[in-house]
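Asks: sequence unavailable; structure follows:
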């Protein structure tokens, strides 16, 4: 009986740990960037690289991963910032470029449309939660 109970506890603990790991997210910062958005490091002057709705981003070196981030989608949510900038909810953005300044001022540099969807303050630097 003790063996069955021990196995059940171990299985439950494993399921719980797996469930927690599968919903984990990274924490970083985000700012907005203005056009022109072309050319990008992912697909140059190709207008078709931008997702419908205009929710896209340029990634800092840590997210960029030597270009492997091109086309990746991230669920993004504003979690804090100065003067309570966050709007509720989350958005899905697509990486289309690498940050154009070095060092990059944020983890993700969002298109104006993407930034406006999650922040009330257009020129703020906000803290975000993001996951692929």
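Replies: Nice, thanks for sending it over. All values reported here derive from a predicted model rather than from experimental measurement. Numbers count the residues shown, from 1 in each chain.

Asks: from residue 79, how far off is residue 36?
Replies: 30 Å (C-beta to C-beta, to the nearest Å). In short, each C-beta sits where N, CA and C put it, glycine included.

Asks: out of the two, which sits in the busier spot?
Replies: A direct count of neighbours by other C-beta atoms under 10 Å for residue 36 and residue 79 places residue 79 higher, at 13 against 5.

Asks: where along this structure do the strands fall?
Replies: With DSSP state E, the ranges of strands along the chain come out as 26-33, 56-59, 73-81, 91-98, 108-111, 126-131.

Asks: who touches the fifth one?
Replies: Right, strand 108-111. With C-beta atoms under 8 Å, 6 or more residues apart in numbering as the test, strand 108-111 has contacts from 28-33, 37, 54-60, 63, 74, 76, 93, 99-100, 128, 130.

Asks: kindly report the same for the third one.
Replies: Around strand 73-81, the neighbours that count as contacts under C-beta under 8 Å, 6+ apart are 25, 27, 30, 57, 85-87, 89-95, 108, 110, 114, 118-119, 121, 124-132.

Asks: pull out the buried residues from it.
Replies: 74, 76, 77, 78, 81 (16 or more other C-beta atoms under 10 Å).

Asks: separate out the buried members of the contacts of strand 73-81.
Replies: When the contacts of strand 73-81 are checked for burial by 16+ other C-beta under 10 Å, the buried set is 25, 30, 57, 85-86, 90-91, 93-95, 108, 110, 114, 118-119, 121, 124, 126-130.

Asks: hang on, the earlier thing: so which of the strands of the chain is nearest residue 46?
Replies: The closest of the strands of the chain to residue 46 is strand 91-98. By C-beta to C-beta, the value is 9.6 Å.

Asks: next, the angle strand 126-131 makes with that closest one.
Replies: Counting by axes from the mean of the first three to the mean of the last three C-alpha atoms, to 10 degrees, strand 91-98 lies at 100 degrees to strand 126-131.
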